[in-house]
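pasting the structure only:
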Ligand code: AMP
């Protein structure tokens, strides 16, 4: 595996495999790898001839400066883990390489960015994500770019921008990897104290409670959400949002008539965590509640 820090060196390295018709896969990350990241790398490794992993803690997508300062970083460990997964290139650009002086362009996706994470972290968050992902897609020109389903709204934003800007790439969204107790893996989990780690399991429990209510025939979003909110309140979490939305618009629904997604963002101590669950109602919900 080669660690590369400049755009020109990466382009040069990819030139030959591209000319030879080899397929290129890109896995954008902010590092501090866990099994979620590694599962995406494995998927890219199994589908592409050359795998590029980018590791860049993108300042532009952090609305909170202390969140950026405290974001876990361990490049040396990440390099060992990526190499073990058979990654070919680890792209680790310094900030000035991605945002040189005079940088003045923002990619901004409307609509889907206005709810949930966009509403709570501000439009700047998804502007930062959209801008850096557009740059990475332009730098690498991969055939396939891989993202995780844990950041469900982010995946929708990226699919939208690739389509709208005619970027010739296939976007693949990979399943969320969880701890045995259901907590979605996140680089931020290392910031949780022991008690907070236990509290954090309520996010997934809440989503499952809402999912079982829907599968048992509940059509009212408010009631289905209430089942999850009870779990979050019992665990003492500060909820940023708990929503049932239709995909891919990410617009909240009040009545559940088809597939929906439940999404949560909550703060445990000083750590903000997100999670989601896709939910299909039972095929015939009229007889679901038997006495
Ligand atoms: P990050 O380093 O947090 O920006 O994440 C890099 C990629 O890994 C993103 O596409 C995330 O959605 C994805 N990812 C993060 N956590 C998980 C997880 N638990 N399971 C699957 N993918 C994940």
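Thanks, I have the structure now. No experiment lies behind these values; they were computed from the predicted model shown.

Residue 28 in helix, strand or coil?
Under DSSP: H, G, I helix; E, B strand; the rest coil, residue 28 falls in the strand class.

May I ask you to confirm that it is in contact with residue 57?
No: using CB atoms under 8 Å, residue 28 is not in contact with residue 57, being 11.6 Å away. All C-beta atoms are positioned from the backbone trio N, CA, C, and that covers glycine.

okay, these two: which has more neighbours?
Comparing residue 28 with residue 57 by other CB atoms under 10 Å, the one with more neighbours is residue 28, at 24 against 16.

how near is that one to residue 244?
Counting by CB to CB, to the nearest Å, the gap from residue 28 to residue 244 is 28 Å.

so which strand or helix has the residue nearest to residue 272 when sequence neighbours are not counted?
Nearest residue to residue 272, sequence neighbours excluded (CB to CB, 6 or more residues apart in numbering): residue 265, at 6.5 Å. With elements taken from DSSP states H and E, the one containing residue 265 is strand 260-268.

now the next helix or strand after that strand against strand 260-268, angle please.
Following strand 260-268 in sequence order, the next helix or strand is strand 271-279 (DSSP H and E). Strand 271-279 and strand 260-268 meet at an angle of 160 degrees, taking axes from the mean of the first three to the mean of the last three CA atoms, to 10 degrees as the criterion.

which helices and strands sit right next to strand 271-279?
helix 194-200, helix 202-215, strand 260-268 (3 or more CB pairs under 8 Å, 6 or more residues apart in numbering; DSSP states H and E).

Dump those into a markdown table; add mean pLDDT as well.
Compiled in a markdown table, the helices and strands packed on strand 271-279 are given as follows (pLDDT from 0 to 100):
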| stretch | mean pLDDT |
| --- | --- |
| helix 194-200 | 98 |
| helix 202-215 | 98 |
| strand 260-268 | 98 |
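
Nearest to the ligand among these would be which one?
Proximity to the ligand (CB to the nearest ligand atom) singles out helix 202-215 among those, at 11.1 Å.

Point me to the residue of the stretch 51-200 of the chain nearest the ligand.
Counting by CB to the nearest ligand atom, the stretch 51-200 of the chain gets nearest to the ligand through residue 148 (2.3 Å).

Let's see the pLDDT reported for that residue.
Note on residue 148: pLDDT of 98.

what number of residues lie near it?
22.

and the strand or helix carrying residue 78 with the ligand, contact?
Per DSSP H and E, residue 78 falls inside helix 75-84. No: using CB under 6 Å from any ligand atom, helix 75-84 stays clear of the ligand, coming no nearer than 9.8 Å.
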